[in-house]
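Undergrad: Build the 3D model from these lines:
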Amino acid sequence: MDESALAVAPGRAGLQVDLVETPGGVVELRPMADLRIRVHSGEPVRGLCGSQRFVYTRGDVDIVAAGQADRWHEDGPGRSVVLRFAPALLERTAQEAGLPAGRAALAPRHQFQDAHLAHIAWALDAERQAGFPNGRLYAESLGTALAVHLLGRYTLARKAPRSLSAAQLRRVVDYIENRLDEDLSLTVLAGVAHSSVSHFKTLFKRSLGVPVHEYVVQRRVERASALLRQGRLPASEVALAAGFAHQSHMARSMRRVLGVAPSALRST
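TA: Okay, the predicted model is just below:
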């Protein structure tokens, strides 16, 4: 089956997250301008490419270069998560990381295991299925993590980062604090720090010990906790005031961060 004919769901942050299902038989991979990372997510499937037999199992990864085409036969139905993005994402990340020009090119690779790539694919697919409740910041963080990992693992490693300066950190923390109820963007936060996105993501974690997205979730949980204890707003309004997509999103985050449900804070 032609991959481009399958129903897909759009992603965010320069990425498109596609769930690709094939019924078995001939599979044709048409050339595209985008780079593609295919991660097998279904039951094992046997197949034949030319004279070579293969068995794809969950977590097997293919790197499909821009313009690459392929054709093979599968003995049964297959399912994979495909991350599509323009080569410019890698080029921009390589430039921001200080890598020499041309180091962003990735050679095609087939049927290999990379737990980190698979983890990013599962996280983006889960976010897609949920309707992207965590907003641009989370999706952009995963997109940047993908680009940095590809550059660090399959090209030359990037330069070792330093920490954010005290002034940079203060600006970023103040910006987050004043806009917790907004859909924060990793690109904007990096701009506040006067840093590239790829550097900022790493420098922030080195400075505070947690990723940007996790820090924002913790601050939103703390703000929601304070509002719930005040008892002036219903939980649904507290969730929006603290920057969560909805009340259930707030409840899940509170259970993960604090180990308690929002209702427990009402009685404190």
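Undergrad: Low-confidence ranges, this structure, go.
TA: 1-14, 100-104, 155-161, 266-268 (pLDDT under 70).
Undergrad: just the strands in it please.
TA: 16-22, 25-29, 35-40, 45-49, 52-56, 60-64, 70-74, 78-85, 109-113 (DSSP state E).
Undergrad: Could you check those strands and tell me which one is nearest Gly135?
TA: strand 16-22 (15.1 Å; Cβ to Cβ). Heads up, the C-betas are built off the backbone N, CA and C, glycines and all.
Undergrad: what is the orientation angle of the closest one with strand 25-29?
TA: 160 degrees (axes from the mean of the first three to the mean of the last three Cα atoms, to 10 degrees).
Undergrad: please renumber so the chain begins at 79
TA: All right, first residue 79 from here; so that's strand 94-100.
Undergrad: Tell me which of the strands of the chain sits most buried.
TA: Among the strands of the chain, ranked by average contacts under mean count of other Cβ atoms under 10 Å, first place goes to strand 113-118 (a mean of 23).
Undergrad: measure Pro101 to Glu121 for me?
TA: Counting by Cβ to Cβ, to the nearest Å, the separation of Pro101 from Glu121 is 13 Å.
Undergrad: again, but for Glu300
TA: Distance from Glu300 to Glu121, by Cβ to Cβ: 43 Å.
Undergrad: Surely Leu184 and Leu228 touch.
TA: Yes. Contact criterion Cβ atoms under 8 Å: Leu184 and Leu228 qualify, at 6.2 Å.
Undergrad: JSON lines for the strands of the chain, including distance to Ser219?
TA: Shown next, in JSON lines, are the strands of the chain (distance: least, Cβ to Cβ, whole Å):
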{"stretch": "strand 94-100", "distance to Ser219": "14"}
{"stretch": "strand 103-107", "distance to Ser219": "29"}
{"stretch": "strand 113-118", "distance to Ser219": "17"}
{"stretch": "strand 123-127", "distance to Ser219": "32"}
{"stretch": "strand 130-134", "distance to Ser219": "29"}
{"stretch": "strand 138-142", "distance to Ser219": "20"}
{"stretch": "strand 148-152", "distance to Ser219": "31"}
{"stretch": "strand 156-163", "distance to Ser219": "14"}
{"stretch": "strand 187-191", "distance to Ser219": "23"}
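Undergrad: Count the residues that sit near the closest residue to Leu267 other than its chain neighbours.
TA: Distances taken as Cβ to Cβ, 6 or more residues apart in numbering place Val250 nearest to Leu267, at 5.8 Å, with adjacent residues excluded. The tally of other residues near Val250 (other Cβ atoms under 10 Å) stands at 24.
Undergrad: show me the contacts for Val250.
TA: By Cβ atoms under 8 Å, 6 or more residues apart in numbering, the contact set of Val250 is 242, 267, 270-271, 282.
Undergrad: Highest neighbour count among these?
TA: Phe282 (27 neighbours).
Undergrad: Who has more neighbours out of Leu184 and Leu228?
TA: Each of Leu184 and Leu228 has its neighbours counted (other Cβ under 10 Å); Leu228 has more, 24 against 18.
Undergrad: what residues are up against that one?
TA: 141, 168, 184, 195.
Undergrad: List the contacts of the closest residue in space to Leu161 that isn't next to it in sequence.
TA: With Cβ to Cβ, 6+ apart as the criterion, Leu161 has its nearest non-adjacent residue at 4.4 Å, and that residue is Ile115. Counting by Cβ under 8 Å, 6+ apart, Ile115 touches 139-142, 160-161, 195, 199, 224.
Undergrad: Distance of the residue lying closest to Gln146 once chain neighbours are set aside relative to Leu318?
TA: Leaving out its chain neighbours, the residue that sits closest to Gln146 by Cβ to Cβ, 6+ apart is Pro186, at 5.7 Å. Using Cβ to Cβ, we find Pro186 at a distance of 45 Å from Leu318.
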